[in-house]
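> just coords:
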């Protein structure tokens, strides 16, 4: 008799009765596919390499790890340490690897992203230019912070040897793509700021 493995549904229902994909579990499966990690290691990977694309807090990470463990997609090994607290290190099970492979082969859903900044800017013709300028200046600061973080991450990784050069190749492709998107957004934002500031000074 084949053992039945519980699976985490690809979608979950939120309080509004709408369904959305639980992408965080696949990110964690992907990270563990590269190497075994503790929850702390996973959070560090988010902060170093993933923050510009996807962010997750400690509680989300540990909740997702528990769900993955309950579904037998990951297993944990406790590593005893003398001078530090014991570490719980997670690795993929064969079922977890199969789930990651399945997700990587899925078609990417159509992307109609929700963007609070652009939505608010869309209606700024109903308020003053000063309000619109405030939002644009804040958005520029956010873009610059993201670009600065990406450069910091690039420098961190540039000096590190890798055992997975093919994995790094695609990670760098994603970084380059995101950097180009941020720079394009910054260019449009700078032009809008200049235009509103010129109106102010006219």
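Here it is on my side, so go on. From a predicted model like this one, the values you see are computed outputs, not experimental measurements. Residues are numbered from 1 along each chain as shown.

> got the residue ranges for the strands in this protein?
Ranges of strands within the chain are 11-13, 19-21, 37-38, 74-79, 87-92, based on DSSP state E.

> in this protein, which segments are predicted with low confidence?
1-21, 112, 157-160 (pLDDT under 70).

> Identify the residues contacting the residue nearest to the spatial centre of it.
Closest to where the C-alpha atoms of the chain average out (Cα atoms, centre = their mean) is residue 54, at 1.5 Å. By Cβ atoms under 8 Å, 6 or more residues apart in numbering, the contact set of residue 54 is 23-24, 27, 46. Every C-beta, even on glycine, is put in place using the N, C-alpha and C of the backbone.

> Show me which positions of stretch 66-79 end up buried.
Under the neighbour-count criterion of 16 or more other Cβ atoms under 10 Å, stretch 66-79 has 67-69, 71-76 buried.

> Over to stretch 149-157?
Buried-residue list, stretch 149-157, by 16+ other Cβ under 10 Å: 150, 153.

> and residue 179, what does it touch?
Counted by Cβ under 8 Å, 6+ apart, residue 179 has contacts 147, 150.

> now do residue 80
Under the contact definition (Cβ under 8 Å, 6+ apart), the residues listed for residue 80 are residue 86.

> Now do the helices in this protein.
23-34, 39-45, 58-70, 94-105, 116-122, 129-158, 165-201 (DSSP state H).

> Need the winner for burial among the ones you listed.
helix 23-34 (a mean of 20; mean count of other Cβ atoms under 10 Å).

> quick revisit: so can I have CSV of the strands of the chain showing distance to residue 130?
What follows is the strands of the chain, written out as CSV (distance: least, Cβ to Cβ, whole Å):
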stretch, distance to residue 130
strand 11-13, 41
strand 19-21, 36
strand 37-38, 47
strand 74-79, 51
strand 87-92, 50
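
> Select, out of the helices of the chain, the one closest to residue 81.
helix 39-45 (12.5 Å; Cβ to Cβ).

> From the contact counts, what lies against the closest one?
helix 23-34, helix 58-70, strand 87-92 (3 or more Cβ pairs under 8 Å, 6 or more residues apart in numbering; DSSP states H and E).

> Grab the nearest non-local neighbour of residue 87.
Once flanking residues are discounted, residue 87 sits nearest to residue 79: 4.5 Å by Cβ to Cβ, 6 or more residues apart in numbering.

> Please parse the protein into its domains.
Following automatic domain parsing, one gets these domains for the chain: 11-105, 116-201.

> and residue 202, which of the helices and strands packed on helix 39-45 is closest to it?
Among these, helix 23-34 sits nearest to residue 202 (Cβ to Cβ), with 46.6 Å.

> contacts for the closest one?
For helix 23-34, using Cβ under 8 Å, 6+ apart, the contacting residues are 8, 37, 42, 45, 50, 54, 56, 60-61, 64-65, 67-68, 73-74, 90-92, 96-97, 99-100, 103, 164, 167.

> what's the distance between the residue nearest to the centre of the chain and residue 124?
As judged by Cβ to Cβ, to the nearest Å, residue 54 and residue 124 stand 28 Å apart.

> swap in residue 49?
For residue 49, the distance to residue 124 - Cβ to Cβ - is 34 Å.
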